[in-house]
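> below are the sequence and a predicted model for it; my questions follow.
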Amino acid sequence: MGLPNAGKSTLLNSILGEDLVITNPKAQTTRHRIKGILNNENSQLVFSDTPGILESSAYKLQETMMGAVKSSLDDADLILLVLDGQYPKTEQFKEQISSLSCPVIVVMNKADLVENQETLNNHVLEAKKALNTEHVVVASAKEGFNVSKIVNKLIELSPEHPPFYDGDLVSDESVRFLVSEMIREQILSQYKKEIPYSVEVSVTNYNEKKNIDEIYATIYVERESQKGIVLGKGGSAIKNLGIFSRKRIEDFIKKKVFLSLTVKVKKDWRSDDQQLRYFGYLKK
Ligand SMILES: Nc1nc2c(ncn2[C@@H]2O[C@H](COP(=O)(O)OP(=O)(O)OP(=O)(O)O)[C@@H](O)[C@H]2O)c(=O)[nH]1
Ligand SMILES: [Mg+2]
């Protein structure tokens, strides 16, 4: 758990050694609870990546995102609280952390961006005191610094239990879902202002062929004007989006991809229960 942009998803990818979940400098990148599984010789850790905690919700979508945080916390044996080491805002979590019954490990992330060692040391001391925990690890998810230390701590503090998942599975999410997220990741990178927040992506068809996977996806926007922006002049923006998305997906599935993107308007989908259910944000 942590605030938007603290580096939760980057940390999960670094732990897994794979770009499973999407990351971006824009806040509110993660919208769902997404599981990632780390299998070691004698252990299995099941992580839930969660959306960043918001103080208030302007859209129904954000309410469902906070529901995903809550369900993850309710299920967890251990909590990893990821803080931005530059501005840890420890006090903000004091009450919530004290109400949890499971152990909490605090990750003082983005250590590479904190220039002064003394500042970092002070942030660690403050976190230990405010959150009443000995488990504070200074780390950089982006550079992989101290990531194995976090994993070792998690294994040490985890309860013993038979594995939940078989073998080498890295996630129980469908490839369709992961692919739609990767397209959304490229939208976050390539479009400005409200576009990334107004967009949802859904894979409508996935045909696995011998040497190539054919993927058809629809990008939903809230208004007609946004459709024009996503397409760009003469379709130039969506063409670019297709190129970068295809590359991202190919790197992940390690196979050639044919990708076709369509844009549709679903008016005000972020505030509409029926649409949110359709996109998997609300239980059926
Ligand atoms: N320099 C530096 N950047 C980092 C580090 N960890 C994450 N970042 C960057 O911080 C930004 C946010 O990272 P995310 O992993 O998407 O953050 P998040 O907490 O999952 O954000 P939400 O999903 O919006 O809640 C990205 O641009 C990352 O590259 C780090 O240790 N050092
Ligand atoms: Mg995230």
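Alright, I've got the coordinates. Ligands and ions are numbered 1, 2, ... in the order given.
> buried stuff in the longest helix seen in the chain?
Using DSSP state H to assign secondary structure, the helix with the most residues in the chain is helix 236-253. Along helix 236-253, these residues count as buried under the neighbour rule (16 or more other C-beta atoms under 10 Å): 237-238, 241-242, 244-246, 248-249, 252-253. All C-beta spots, glycine's among them, are computed from the backbone N, C-alpha and C.
> will you turn those into JSON lines that also has pLDDT and distance to ligand 2?
Supplementary listing: those in JSON lines, determined by pLDDT from 0 to 100; distance: C-beta to the ion, whole Å:
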{"residue": "Ala237", "pLDDT": "98", "distance to ligand 2": "24"}
{"residue": "Ile238", "pLDDT": "98", "distance to ligand 2": "25"}
{"residue": "Leu241", "pLDDT": "98", "distance to ligand 2": "20"}
{"residue": "Gly242", "pLDDT": "98", "distance to ligand 2": "24"}
{"residue": "Phe244", "pLDDT": "98", "distance to ligand 2": "19"}
{"residue": "Ser245", "pLDDT": "98", "distance to ligand 2": "18"}
{"residue": "Arg246", "pLDDT": "98", "distance to ligand 2": "23"}
{"residue": "Arg248", "pLDDT": "98", "distance to ligand 2": "16"}
{"residue": "Ile249", "pLDDT": "98", "distance to ligand 2": "19"}
{"residue": "Phe252", "pLDDT": "96", "distance to ligand 2": "16"}
{"residue": "Ile253", "pLDDT": "96", "distance to ligand 2": "21"}
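> which among these gets closest to His32?
Within the set of the buried residues of helix 236-253, Phe252 lies nearest His32; the separation is 17.1 Å, counting by C-beta to C-beta.
> what parts of the chain come near ligand 1?
Proximity of the chain to ligand 1 (C-beta under 6 Å from any ligand atom) is limited to residues 2, 4-10, 23-25, 27-30, 51-52, 109-110, 112-113, 140-142.
> drop anything exposed from those.
For those, a neighbour count by 16+ other C-beta under 10 Å gives the buried set as 2, 4-10, 23-24, 28-30, 51-52, 109-110, 140-142.
> where's Thr204, which helix or strand?
Using DSSP states H and E, the secondary-structure element containing Thr204 is strand 200-208.
> tell me the helices and strands packed up against that strand.
Secondary-structure packing of strand 200-208 (3 or more C-beta pairs under 8 Å, 6 or more residues apart in numbering; DSSP states H and E): helix 175-190, strand 212-221.
> the closest residue to Asp112 other than its chain neighbours pairs with what?
With C-beta to C-beta, 6 or more residues apart in numbering as the criterion, Asp112 has its nearest non-adjacent residue at 4.4 Å, and that residue is Ser140. Using DSSP bridges, the beta-bridge partners of Ser140 come out as Phe145.
> would you mark the buried spots in the lowest-mean-pLDDT helix or strand in the chain?
Between all helices and strands in the chain, the lowest mean by mean pLDDT, DSSP states H and E belongs to helix 94-98, at a mean of 92. Across helix 94-98, burial judged by 16+ other C-beta under 10 Å covers Ile97.
> closest one of the buried residues of helix 236-253 to ligand 1?
Relative to ligand 1, the closest of the buried residues of helix 236-253 is Arg248; by C-beta to the nearest ligand atom it sits at 14.5 Å.
> return the list of helices and strands in contact with the longest helix of the chain.
Helix 236-253 sits against helix 175-190, strand 212-221, helix 224-231, strand 256-265, with contacts defined as 3+ C-beta pairs under 8 Å, 6+ apart.
> adding mean neighbour count, distance to Arg277 and mean pLDDT, write these out as a markdown table.
As requested, the helices and strands packed on helix 236-253 are exported to a markdown table (neighbours: other C-beta atoms under 10 Å; distance: least, C-beta to C-beta, whole Å; pLDDT from 0 to 100):
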| stretch | mean neighbour count | distance to Arg277 | mean pLDDT |
| --- | --- | --- | --- |
| helix 175-190 | 21 | 16 | 98 |
| strand 212-221 | 20 | 14 | 98 |
| helix 224-231 | 15 | 22 | 97 |
| strand 256-265 | 15 | 17 | 98 |
